[in-house]
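[1] next come a sequence and a model predicted from it.
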Amino acid sequence: MILKLFLSIALFISGGHIVSTNFKLHHYSDKDYKDIFYLKNNNSITKHCLRHSKSEDINKKTSYYNGERKTIYKVAKNEEKDSSVKTS
């Protein structure tokens, strides 16, 4: 329940946008953003970016530095069209 609250707050603040490691802005639907939000560390998922109209691989990495938690999203173009594939 608390995690759903955090998801709602994050979605409200970001509007479904993610900034990738190369500082590009990507926009995803609410359902896709939820899947990305619940993605485990060092896993990737393929979703459709509404801003670029392309399927993209999103890799989530979480690191801890000086007691701070930092989540980084690496986004790469995907040639396949399936937007429901999860990899470990």
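    Looks like it came in fine. Residues are numbered from 1 along each chain as shown.
[2] low-confidence stretches in the chain?
    7, 11, 80-88 (pLDDT under 70).
[3] where is the longest strand in it?
    Secondary structure assigned by DSSP state E gives strand 54-65 as the longest strand of the chain.
[4] packing partners for that strand?
    Here strand 54-65 touches strand 44-49, strand 68-77, going by 3 or more Cβ pairs under 8 Å, 6 or more residues apart in numbering; DSSP states H and E. All C-beta spots, glycine's among them, are computed from the backbone N, C-alpha and C.
[5] any idea which of the ones you listed is most buried?
    Comparing the helices and strands packed on strand 54-65 by mean neighbour count (mean count of other Cβ atoms under 10 Å), strand 44-49 comes out on top with a mean of 20.
[6] neighbours of residue 54, how many?
    For residue 54, the neighbour count with other Cβ atoms under 10 Å is 13.
[7] contacting residues for it?
    Applying Cβ atoms under 8 Å, 6 or more residues apart in numbering to residue 54 gives the contacts 48, 77, 78.
[8] partners of the longest strand of the chain, with directions?
    Take DSSP bridges as the rule and strand 54-65 pairs in its sheet with strand 44-49 (antiparallel), strand 68-77 (antiparallel).
[9] residue 2: which of these is closest?
    strand 68-77 (16.1 Å; Cβ to Cβ).
[10] geometric centre of the protein: which residue is closest?
    residue 36 (3.9 Å; Cα atoms, centre = their mean).
[11] touching, it and residue 20? I think so.
    No: using Cβ atoms under 8 Å, residue 36 is not in contact with residue 20, being 11.6 Å away.
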